[in-house]
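Undergrad: I need the structure of the sequence given here:
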Amino acid sequence: MELSQPEVKIINESIKFVNRWFWYKYVLVAALIPMIYLSVFLIFSDNHDGRLSSLLSVAIGLIIGYLARNWSEPKKETLLLKLVKTLKRS
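TA: Model (predicted):
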């Protein structure tokens, strides 16, 4: 079964999106580690007024919330890839 040009374009874009999401996920997790360390350090240091540590805490909370909601693979793209694999087999 031959795929049309728009279908091939959609498939290629969804493959790129899924691959990019895996990298974004790991980069965000890697960014959390120094942010948490810096936030804890600023909380216990005496020479600041607390604004930077509270901003870091908000950023950490936003990143953790985003990762918690979107940790699994994007559903539409994954279903599209499964459909393409089954079409290629037949």
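Undergrad: now the chain, which segments are flagged as low pLDDT?
TA: Scanning the chain for pLDDT under 70 picks out the ranges 1, 3, 48-49, 73-74, 76-77, 89-90.
Undergrad: Report the central residue of it.
TA: residue 25 (3.4 Å; C-alpha atoms, centre = their mean).
Undergrad: for that residue, what are its contacts?
TA: Residues in contact with residue 25 (C-beta atoms under 8 Å, 6 or more residues apart in numbering) are 67, 70-71. All C-beta spots, glycine's among them, are computed from the backbone N, C-alpha and C.
Undergrad: Now secondary structure, neighbour count and distance to residue 21 too, for those residues, in TSV please.
TA: Shown next, in TSV, are these (DSSP: H, G, I helix; E, B strand; the rest coil; neighbours: other C-beta atoms under 10 Å; distance: C-beta to C-beta, whole Å):
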residue	secondary structure	neighbour count	distance to residue 21
67	helix	14	11
70	coil	13	8
71	coil	9	10
